[in-house]
Every structure is written in C-alpha cells, then in structure tokens.
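Asker: Fold the following.
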Amino acid sequence: MVEDKVIVELKAVITLENAHLAQAKNYVVAYDFPIGLLINFGSPSL
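Answerer: Numbers count the residues shown, from 1 in each chain. So this is what the prediction gives:
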C-alpha cells in the first residue's frame, strides 16, 4: 500500500496470467482502494 491510496502488486514471472490479475483486483476491492498497480519484473523488457 502506498499512502493508503494505491495497492501495488509486484511480480517476477515470465508471463502474467489471469490469476495474477484476479489477485490484484481482489486486493483493490477488499481494501476499497481506487487504484491498483500490477508490475511484473520477470520479462526481459519492461
């Protein structure tokens, strides 16, 4: 959580799957945050 405004989910996987997106969405809904970021550091290029 960043300043009680943004949920940030960090991953390091080759490919993001629907389950990763669903998990990030669940965090946003559960904590009632307006913004969520899903960032993946696992691919060769950002």
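
Asker: quick one: secondary structure of the residue nearest in space to the middle of the chain?
Answerer: Centroid-nearest residue in the chain: L38, 2.6 Å away (criterion: Cα atoms, centre = their mean). Following DSSP: H, G, I helix; E, B strand; the rest coil, we place L38 in the strand state.

Asker: Skip the chain neighbours and tell me the closest residue to it.
Answerer: A24 (4.3 Å; Cβ to Cβ, 6 or more residues apart in numbering). The C-beta positions use only the backbone N, C-alpha and C, and glycine is treated the same way.

Asker: Contacts for stretch 26-38 next, please.
Answerer: M1, K5, V6, I7, V8, E9, K11, L16, H20, L21, A24, K25 (Cβ atoms under 8 Å, 6 or more residues apart in numbering).

Asker: L10 falls within a strand, correct?
Answerer: Yes - judged by three-state DSSP, L10 forms part of a strand.

Asker: List the contacts of it.
Answerer: Contacts of L10 (Cβ under 8 Å, 6+ apart): I39, F41.

Asker: Also the one 10 residues further on?
Answerer: With Cβ under 8 Å, 6+ apart as the criterion, the residues that contact H20 are E9, K11, V13, L38, N40.

Asker: Could I have the PyMOL command that selects the buried members from those residues?
Answerer: Under the burial definition 16 or more other Cβ atoms under 10 Å, those of the contacts of H20 that qualify are selected in PyMOL by:
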select buried, resi 9+38
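
Asker: could the contacts of H20 go into TSV alongside pLDDT and distance to Y31?
Answerer: Compiled in TSV, those are given as follows (pLDDT from 0 to 100; distance: Cβ to Cβ, whole Å):
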residue	pLDDT	distance to Y31
E9	94	12
K11	93	18
V13	92	23
L38	93	15
N40	91	21
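
Asker: Cool, thanks, signing off.
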